[in-house]
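Enquirer: return a 3D structure for these sequence lines:
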Amino acid sequence: MKTTVLSLAIFIFATFSSYSQVSPRVDSAVNMLRDGRYSTALVILRPLAIRGDAGAQANLGTMYAKGHGVEEDAVEAVRLFRLSAEQGYYAGQFNLATSLAQGLGVEQNYSEAIMYFIQAAEQKDRRAMYSLAKMNAEGQGIPRNMERAYMWFSLAAQLGEEHSQRSVIFLEEHLSFLALTRARMLVEGCLASDYIGCQ
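Expert: Numbering: from 1, shown residues only. Model prediction:
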């Protein structure tokens, strides 16, 4: 059965994010979210999100997207993801891109989704790289390009994304020698640029 980037993104979308850009209070709230203590996390995240904390906005958005501790509201989730993404926070960018690709809480827009996936990928978000690989492999919102798919799968795999590791092996067995050589050159170029401007 063919699994699309959209169905895989639904699984990935459910995760809460913690990262060095996040304040210690947000980090504490993320641990509470992972433990299922949604109401306690909400008390911490809501005021921080209102004050403009990008990490709090992304995580509160995920709460709204999944209905964890709040009434499920995809439109509010997208609003919060966008606020976070506009501040350059990778999880806000990834979650907004996922919402845009799926048309959840917002009109489906592959072009904008790709833009935000790329922004998150430039910050080494392996989930965004995997999503870009799948979109390239399946021609979702962009022309099908197996060399670019290989590039994104390879980059994500190097960062530990398990599905990507299997996809790299598959493509290495099925791409022509010339296509694989070009794909590997794309990987080297992206690594040399520290993931900037890879798409």
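Enquirer: can we go C-alpha only for contacts and neighbour counts from here?
Expert: Noted.
Enquirer: state the next helix or strand along the chain beyond the one helix or strand Ser111 maps to.
Expert: For Ser111, the enclosing helix or strand under DSSP states H and E is helix 110-121. The helix or strand immediately downstream of helix 110-121 is helix 126-138, counting by DSSP H and E.
Enquirer: what about that next one, distance to the chain center?
Expert: Counting by Cα atoms, centre = their mean, to the nearest Å, helix 126-138 is centred 9 Å from the centre of its parent chain.
Enquirer: where along this protein do the helices fall?
Expert: 5-13, 24-34, 38-50, 54-66, 74-86, 90-102, 110-121, 126-138, 146-158, 162-174, 177-192 (DSSP state H).
Enquirer: wait, which of those helices is closest to Cys198?
Expert: Ranking those by proximity to Cys198 (Cα to Cα) places helix 177-192 first, at 5.3 Å.
Enquirer: for the closest one, packing partners?
Expert: helix 146-158 (3 or more Cα pairs under 8 Å, 6 or more residues apart in numbering; DSSP states H and E).
Enquirer: what's the helix it packs on packed up against?
Expert: So helix 146-158, by 3+ Cα pairs under 8 Å, 6+ apart, packs with helix 126-138, helix 162-174, helix 177-192.
Enquirer: tell me what angle the first one forms with helix 146-158.
Expert: Here helix 126-138 runs at 160 degrees with respect to helix 146-158, directions being taken by axes from the mean of the first three to the mean of the last three Cα atoms, to 10 degrees.
Enquirer: residues contacting helix 126-138, please?
Expert: 4-5, 9, 12, 94, 114, 117-118, 120-121, 140-146, 148-153, 155-157, 159-161, 164 (Cα atoms under 8 Å, 6 or more residues apart in numbering).
Enquirer: same question, the last one
Expert: Residues lying outside helix 177-192 but in contact with it, judged by Cα under 8 Å, 6+ apart, are Glu147, Arg148, Tyr150, Met151, Trp152, Ser154, Leu155, Glu172, Ile196, Gly197, Cys198.
Enquirer: got a list of what the last one touches?
Expert: Remark: with contacts taken as Cα under 8 Å, 6+ apart, Cys198 is in contact with Leu186, Gly189, Cys190.
Enquirer: can I get the helices of the chain in TSV including mean neighbour count and mean pLDDT?
Expert: Shown next, in TSV, are the helices of the chain (neighbours: other Cα atoms under 10 Å; pLDDT from 0 to 100):
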stretch	mean neighbour count	mean pLDDT
helix 5-13	16	39
helix 24-34	19	92
helix 38-50	18	96
helix 54-66	28	96
helix 74-86	23	98
helix 90-102	29	97
helix 110-121	23	98
helix 126-138	26	97
helix 146-158	25	98
helix 162-174	16	96
helix 177-192	16	98
